Each structure stands twice: as structure tokens, then as C-alpha cells.
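S.K.: Please work out how this folds:
(one chain, ligands or ions: 1)
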Amino acid sequence: MTQQKRALITGITGQDGSYLSEFLLLQGYEVHGIIRRTSTFNTDRIDHIYEDPHKQGVRLFLHYGDLTDGTTLRRILEEVQPIEIYNLGAQSHVRVSFDSPEYTVDAVGMGTLRLLEAIRDYQHRTGIQVRFYQAGSSEMYGLVQAVPQSETTPFYPRSPYACAKVYAHWQTVNYRESYNMFACNGILFNHESPRRGETFVTRKITMAVAKIFAGKQKKLYMGNLDSKRDWGYAKDYVKAMWLMLQQEQPDDYVIATNETHTVREFLDLAFGYVNLPWEDYVEFDDRYLRPSEVDLLIGDSTKARQKLGWEPSITFNQLVSLMMEADLQALGCTSPNGHGSQMPHDIATVRQELGVLHF
Ligand SMILES: C[C@H]1O[C@H](OP(=O)(O)OP(=O)(O)OC[C@H]2O[C@@H](n3cnc4c(=O)[nH]c(N)nc43)[C@H](O)[C@@H]2O)[C@@H](O)[C@@H](O)C1=O
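M.R.: Purely as a prediction, here's the structure:
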């Protein structure tokens with residue numbers, strides 16, 4: 001009998017955690033996730049795969065814990081005994097990290113160190129090698145030192161969030177080199193989807209456009225429209241995380257589309273999807289500016305394409321359409337362009353793939 005593959009995910013309730021869980025379940029893994037206790041439910045992105053795990057044969061388990069609580073991380077590690085750990089948990093909002101720098105650095109920087117220490121002791125005691133994925137970020141390039149940015153581009157972080165990610169990145173390298181740990185950094189450029197948090201710029205835009213189209217919102221208040229980002233599709237990016245842990249040797253990889261677009265271009269496509277001119281609806285609000293901005297990000301993912309065989313499955317235009325379609329559907333609207341049938345990878349497909357019948 002082959003041994004059940006078991007993965008542990010921090011940040012399982014987030015966008016990436018939910019896509020990664022689906023992906024790993026489809027690969028036959030038993031998936032364990034760490035969730036923070038909150039007074040309101042925060043599992044909506046995974047409810048469709050979590051409900052009734054035993055009856056449906058879906059092996060997804062949740063544990064209360066927090067990256068700021070090392071004792072619990074150790075306990076969960078002992079209990080779950082995973083072969084792969086994906087560290088996706090974070091206070092991941094760059095703007096918010098300026099307001100809550102200590103918490104952000106504790107969860108993102110120290111949280112990674114706590115996990116690495118727990119794994120180091122666990123490996124030492126049991127002799128079992130755990131493969132570790134660290135969710136790095138293109139924000140680490142900040143004030144970019146080269147264009148495009150690759151694995152060899154020096155970091156120049158421009159926010160408490162990015163500083164903490166740089167710390168976590170180097171600790172991951174350090175544990176790999178000091179303790180012979182199988183630890184990888186994925187340097188992921190922005191990745192979006194219909195499950196993206198509502199305060200990140202892409203989802204904020206697509207939700208607002210859908211509401212404006214439905215007559216439920218009048219204006220959209222925005223910050224800097226000139227910044228450029230390399231935006232990919234989150235579902236593609238979680239596959240890259242897994243691929244990194246399946247290689248013979250641990251290494252660090254940039255995951256990106258290798259294209260860059262301004263926030264203004266995103267607005268143009270999203271409003272264009274429902275045939276509205278964005279200039280009539282968008283207004284400036286300096287609350288959305290950051291004390292220091294990251295102006296331009298564009299990745300060079302050649303290494304991942306060559307070594308992992310990874311590549312993005314959809315274009316920037318398709319990404320905007322996919323997100324627009326999902327937010328229009330959520331409001332019961334049909335897009336005026338009749339793009340509806342092109343929506344790939346929706347939740348219904350995932351449910352079908354998992355063979356789960358009742359939701
Ligand atoms: C890879 C990286 O990706 C994300 O970080 P981010 O790039 O900061 O993402 P965002 O969607 O918040 O901002 C993108 C750009 O859009 C500008 N912008 C204009 N107006 C608004 C606005 O109204 N809201 C927001 N949020 N941004 C705005 C804003 O100033 C910035 O230049 C996180 O997942 C992070 O965790 C991560 O690792």
C-alpha cells in the first residue's frame with residue numbers, strides 16, 4: 001500500500017490556500033490547514049471542499065493555530081506529520097502593513113522563522129524530511145534594481161510587508177544551507193482570481209464595475225493608477241508551488257507572466273467589459289496611496305519555465321474577463337458582451353473534478 005501524501009498549509013483560507021488545497025486534493029493528498037479563530041466565519045473559499053469531508057472522500061482537515069504562536073505550530077506539526085508544508089499565511093496587504101508594521105513583521109517574518117524552527121526540530125527528532133515552500137513576493141524587489149526582475153535581481157523592499165518577506169526569504173535559504181532542509185522560495189508576482197481579497201486593486205475594481213453596472217454603486221475611489229504590475233492567475237501559480245517541491249533539489253523560482261500593465265489598463269479593460277468609460281466613474285482618494293510606492297514590477301520566469309515546465313495558462317485580458325464574469329454572475333448580471341460561457345475553472349468545475357455532489 002502506498003503511503004498517503006499529507007500536506008500542511010498555513011493561510012489555507014486565503015485565495016492561494018483554497019486553490020492549492022483543491023490542487024493537492026486532486027493529486028491525492030490529504031490536506032491539513034491552519035486557520036485563525038475569528039468571531040465570524042472566514043472559511044468561505046474552502047467551504048465547498050470542506051463540508052462533509054469523510055462522506056465525500058475529500059480529505060481536508062482544519063486546525064486552529066497562528067503563525068504568531070510557535071507552540072501550536074509545533075503541536076500541529078507533530079499531529080499531522082506532513083511531508084510537505086506550504087507557508088502561505090500572512091498579513092498580506094501592503095498598504096495595511098504601514099499601519100500595522102509590528103503585527104505584519106511578526107506574522108510574516110517571525111512566523112516563517114517559527115515554522116522553520118519547528119520543522120528543523122521535527123526533522124532532527126524523527127529523521128523525516130519535510131519539504132517546505134515559502135511564499136515569497138515580488139514586493140521584495142520594491143525599488144527595482146533591474147528590469148525585468150529574476151532570481152538574481154537584488155531586493156530593495158519598500159514596505160514593512162516587503163521587509164518581512166525579504167527576512168523570511170533569507171531565513172528559508174539559510175535553513176536550506178545550514179540544516180540541509182528541502183526549502184524553496186517561490187517569488188510570486190501578483191496573482192489574482194475571482195477569489196482575490198476585496199481590498200486588493202484588481203478585485204476592488206472588478207467588484208465595483210459589476211456593482212456600477214448593476215446600478216448598486218456610483219463611484220470608485222482609487223489611489224495611484226500609474227503603478228505597473230505583472231498580474232497572473234492564482235490558479236496557475238499554486239501549481240508552481242507544488243512543482244517546486246517535486247524537484248530533486250530545493251531552489252528558488254520567480255513565477256510571473258513576464259508582462260506588465262498599469263492599474264489604469266486594468267480599469268480600462270474591466271469597465272470596457274461592460275462598455276462603460278472608466279473616467280466617468282473613478283475618483284482619486286489619497287487614503288489609498290502608500291508612504292512609498294512600488295512603481296514597476298515585471299518578472300522574468302525563464303528559470304521556472306525551463307526547470308519546472310511551468311507556464312501561465314491565461315492572458316491578462318482573459319484574467320480580467322474571468323474576474324469580471326464572476327463578479328457579474330455573483331450579482332445575477334449577464335455581461336453585455338456575452339462572454340459568459342468562456343469562464344474557465346469556476347467553482348462548479350472544481351466540485352465536479354473532486355466528485356463532490358452536494359453543496
Ligand atoms: C505580490 C504582492 O501583490 C500584492 O501587493 P500589491 O502589488 O501591493 O497589490 P494591490 O492590489 O494592493 O496594489 C497594486 C497596485 O495598485 C495600486 N492601487 C491604486 N489604487 C488602489 C486601491 O484603491 N487599492 C489598492 N489595494 N491598490 C491600489 C497600489 O498602490 C499598488 O501599486 C499583495 O498580494 C502582496 O501580498 C504581494 O505579495
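
S.K.: Just the CA trace of the longest helix anywhere in the chain, in PDB.
M.R.: The single longest helix within the chain, with elements called by DSSP state H, is helix 160-179. The C-alpha trace of helix 160-179 is given here as PDB (Å, rounded to 0.1, in the frame of the first residue of the first chain):
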ATOM      1  CA  PRO A 160       7.000  46.600   6.300                       C
ATOM      2  CA  TYR A 161       5.400  43.700   4.500                       C
ATOM      3  CA  ALA A 162       8.200  43.500   1.900                       C
ATOM      4  CA  CYS A 163      10.900  43.900   4.500                       C
ATOM      5  CA  ALA A 164       9.400  40.900   6.400                       C
ATOM      6  CA  LYS A 165       9.200  38.900   3.200                       C
ATOM      7  CA  VAL A 166      12.900  39.500   2.500                       C
ATOM      8  CA  TYR A 167      13.700  38.300   6.000                       C
ATOM      9  CA  ALA A 168      11.600  35.200   5.500                       C
ATOM     10  CA  HIS A 169      13.200  34.600   2.100                       C
ATOM     11  CA  TRP A 170      16.800  34.700   3.500                       C
ATOM     12  CA  GLN A 171      15.800  32.600   6.600                       C
ATOM     13  CA  THR A 172      14.500  30.000   4.200                       C
ATOM     14  CA  VAL A 173      17.800  30.000   2.200                       C
ATOM     15  CA  ASN A 174      19.700  29.900   5.400                       C
ATOM     16  CA  TYR A 175      17.800  26.900   6.800                       C
ATOM     17  CA  ARG A 176      18.300  25.100   3.500                       C
ATOM     18  CA  GLU A 177      22.100  25.700   3.600                       C
ATOM     19  CA  SER A 178      22.600  25.200   7.400                       C
ATOM     20  CA  TYR A 179      20.400  22.200   8.100                       C
END
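
S.K.: for that helix, packing partners?
M.R.: Secondary-structure packing of helix 160-179 (3 or more C-beta pairs under 8 Å, 6 or more residues apart in numbering; DSSP states H and E): helix 94-99, helix 101-105, helix 111-126, strand 131-137, strand 182-188. In this view, the C-beta of every residue, glycine as well, is placed from N, C-alpha and C.

S.K.: What parts of this structure come near the ligand?
M.R.: 92, 94-95, 137-139, 189-190, 199-201, 204, 222-224, 227, 229, 263, 288, 290, 293 (C-beta under 6 Å from any ligand atom).

S.K.: about what we covered before: centre of the chain to the longest helix of the chain, how far?
M.R.: Its chain's C-alpha centre and that of helix 160-179 lie 18 Å apart, by C-alpha atoms, centre = their mean, to the nearest Å.

S.K.: Identify the residues contacting it?
M.R.: With contacts defined as C-beta atoms under 8 Å, 6 or more residues apart in numbering, helix 160-179 is touched by 87, 90-94, 97-98, 101, 104-105, 107-109, 111-113, 116, 119-120, 123, 132, 134, 136-137, 139-140, 142, 155, 157, 181-185, 187, 250, 252, 294.

S.K.: buried subset of the residues of the chain next to the ligand?
M.R.: Using 16 or more other C-beta atoms under 10 Å as the burial test, those include 92, 94-95, 137-139, 189-190, 200-201, 204, 222-224, 227, 229, 263, 293 as buried.

S.K.: Give me the subset of those residues that lies in strands.
M.R.: Using DSSP state E, the subset of these located in strands is 137, 222, 229.

S.K.: Of these, which is the nearest to the ligand?
M.R.: Checking those against the ligand by C-beta to the nearest ligand atom gives residue 137 as the nearest, at 3.2 Å.

S.K.: Spatially, what comes nearest to whichever residue of the stretch 251-359 of the chain sits closest to the ligand if we skip its sequence neighbours?
M.R.: Nearest to the ligand, among the residues of the stretch 251-359 of the chain, is residue 288, at 3.7 Å (C-beta to the nearest ligand atom). Spatial nearest neighbour of residue 288, excluding adjacent residues (C-beta to C-beta, 6 or more residues apart in numbering): residue 223 at 2.9 Å.

S.K.: again with residue 295
M.R.: Nearest one to residue 295, counting by C-beta to C-beta, 6+ apart, is residue 227 at 5.7 Å.

S.K.: Hmm, residue 260 and that neighbour touching each other?
M.R.: No - with contact defined as C-beta atoms under 8 Å, residue 227 does not count as touching residue 260 (9.8 Å).
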